[in-house]
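**Student:** Show me the folded form of this:
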Amino acid sequence: MDMITDITARRAALTPDRAAFHRVETGETVSFAALEDRCARAASVLAGRGVKAKDRVAILCRNRVEFFEALFACAKLGAILAPLNWRMPARELSDLLADCDPVLLLAGAEDAEAAAEAAAPTGLTCVDLEEDWPSARNAAPPHPGRPAWPGDEPWYLIYTSGTTGRPKGVIQTYRMALVNYVNISQAIGLRDGDATVNFLPLFHTAGINLHTLPVLMAGGLNHILSGFDAGAVLKLIDEGRLDVMLCVPAVYRELSVHPAFESADLTRLRHWACGGAPMPDVLIETFAARGAVVCNGFGMTETGPTAFLMDREHALAKIGSVGKPQLLIEARIATPDGAPLPTGETGEVQFFGPGLTPGYWHREAETASLFTADGWLKSGDLGRFDADGYCFIAGRIKEMYISGGENVYPAEVENVLDEHPAILEATVTGVPDEKWGEVGCAHLILHTGKSVTDEALRAWCRERLAGYKMPRHFLRADDFPRTAAGKVQKHLLPRPEGVE
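**Tutor:** The predicted structure follows:
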């Protein structure tokens, strides 16, 4: 894996007339031959703008084919793409630009104003993806590109969501892309010509890698939506136009409450996967009742991302598990300093393998702290293996709280609350308490038209949880602050009245 071939060039040679992308909103279809032509011409556009090997090119846009043109154009030149989070205000975007120090900024029409404002202090040139990019690309000659792409070379940066601090640029290499292709392909049984849908944000690893890049590498079709649309996704499924798909739990919830959910033929999609956050048991059961077996998974931007994925055969029997480590990655449960723990004990999930990030962009100290002394990547997540080798994730280390001397893992409590018929989604945090040190605070989103008293919730929990695990406080909300992956940003949740 020291060298990777030019992916779009090879796919164009293998399946030139096959469709690579289909833009759902416009009906535009781009073949693999056309994609390679666009990417080669885009490389000439970037080179003409002064982009050289190792330079960064920032991009701020919603989901579109042009993002992938820029991604592969950078690969042909040896440049590094830096996707930016369009949910951020201009001030935060300026911080990301300062961190990656790009020579050019590409922006979609929806984000052109924010891009211009963020770039203004540095005088960075902005290129409009709707107007400037297509005309310049079509007029440029195809760039010959590089004969091969070094496996350990940075290809793009993915900035962390910043749930625990300032965003860090996670370096993504060409080797990581290939390892992820192997890991996810064998896990889901990816076939030549399979189709998926791309709607998860492209500044997040799932938007690029689950399953878009693997499907493209396999010669499959990516339907592109500019953003998530439950009705459009269900329509694609019902029409039999999707074979494999990964969603985050928030998306599965939206699909389950959409009016078309009950009539859509979910069995027409072969493999359902979930990642980004824990999938509640009750939601898995809801889809299973309609013939859709959702396979829970777990990975990180730093792992490329595929690490664990549940096999379909055991998804319901081992409900709540994220499965086993995939082919090209090893996982262990250990103490934070790297001492392995036996089966059944809860500890930190740590990883080893060829698909791990080399580190964070220009963050030597934080890169060093990411790994144990013997080279295993520390996830910061708690988990345990059962006797059959299946992993169960208990949540972030920092989310665990201690009540009356007992460890409480919020994921377990959340799962119990999610089963209540009035609750659409629950998330639990630990808050200070004079008597017990810490107690649970449950934040709840209720189903439309439903209500439930605190006392009824306490009774529900009392039947299903040990006393020290029961939340002391219950707060209602219309929604939670979330990352791009749908993870709840627990540090932004309010505390109960009177709790400091």
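**Student:** packing partners for the helix or strand harbouring L71?
**Tutor:** Using DSSP states H and E, L71 sits in helix 65-77. The contact analysis (3 or more CB pairs under 8 Å, 6 or more residues apart in numbering; DSSP states H and E) places helix 65-77 against helix 7-14, strand 19-23, helix 32-48, strand 56-60, strand 80-83, helix 132-139, strand 154-159. Just so you know, the C-beta spots here come from the backbone N, C-alpha and C atoms, and that holds for glycine as well.
**Student:** CA atoms only for it, dumped as PDB, please.
**Tutor:** Output in PDB follows, covering the C-alpha atoms of helix 65-77 (Å, rounded to 0.1, in the frame of the first residue of the first chain):
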ATOM      1  CA  VAL A  65     -20.200  16.500  -7.900                       C
ATOM      2  CA  GLU A  66     -17.700  19.400  -8.000                       C
ATOM      3  CA  PHE A  67     -16.500  18.500  -4.500                       C
ATOM      4  CA  PHE A  68     -15.200  15.200  -5.800                       C
ATOM      5  CA  GLU A  69     -13.800  16.800  -8.800                       C
ATOM      6  CA  ALA A  70     -11.700  19.000  -6.500                       C
ATOM      7  CA  LEU A  71     -10.800  16.000  -4.300                       C
ATOM      8  CA  PHE A  72      -9.400  14.000  -7.200                       C
ATOM      9  CA  ALA A  73      -7.800  17.100  -8.800                       C
ATOM     10  CA  CYS A  74      -5.900  17.600  -5.700                       C
ATOM     11  CA  ALA A  75      -4.800  14.000  -5.800                       C
ATOM     12  CA  LYS A  76      -3.500  14.400  -9.300                       C
ATOM     13  CA  LEU A  77      -1.400  17.400  -8.200                       C
END
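**Student:** what about this protein, any weak spots by pLDDT?
**Tutor:** 1, 162-165 (pLDDT under 70).
**Student:** ok, the residue in it sticking out farthest from the centre - contacts?
**Tutor:** Centroid-distance maximum for the chain: K435 at 39.1 Å, with CA atoms, centre = their mean. If a contact means CB atoms under 8 Å, 6 or more residues apart in numbering, then K435 has no contacts.
**Student:** quick one: secondary structure of it?
**Tutor:** Secondary structure assignment for K435 (DSSP: H, G, I helix; E, B strand; the rest coil): coil.
**Student:** Could you list the buried residues of stretch 123-141?
**Tutor:** L124, C126, V127, L129, W133, A136, R137, A140 (16 or more other CB atoms under 10 Å).
**Student:** hey, where'd the helices end up in the stretch 251-400 of the chain?
**Tutor:** Shown for the stretch 251-400 of the chain, the helices assigned by DSSP state H, counting those that start in this stretch span residues 281-288, 364-370.
**Student:** quick revisit: which among the helices and strands packed on helix 65-77 is found nearest to V182?
**Tutor:** helix 7-14 (13.9 Å; CB to CB).
**Student:** Give me the distance between that closest one and the centre of its chain.
**Tutor:** Per CA atoms, centre = their mean, to the nearest Å, the displacement of helix 7-14 from the mean C-alpha position of its chain is 26 Å.
**Student:** between that helix and helix 32-48, how big is the angle?
**Tutor:** Orientation check (axes from the mean of the first three to the mean of the last three CA atoms, to 10 degrees): helix 7-14 against helix 32-48 gives 150 degrees.
**Student:** what packs against helix 7-14?
**Tutor:** Right, helix 7-14 is packed against helix 32-48, helix 65-77, helix 212-217 by 3+ CB pairs under 8 Å, 6+ apart.
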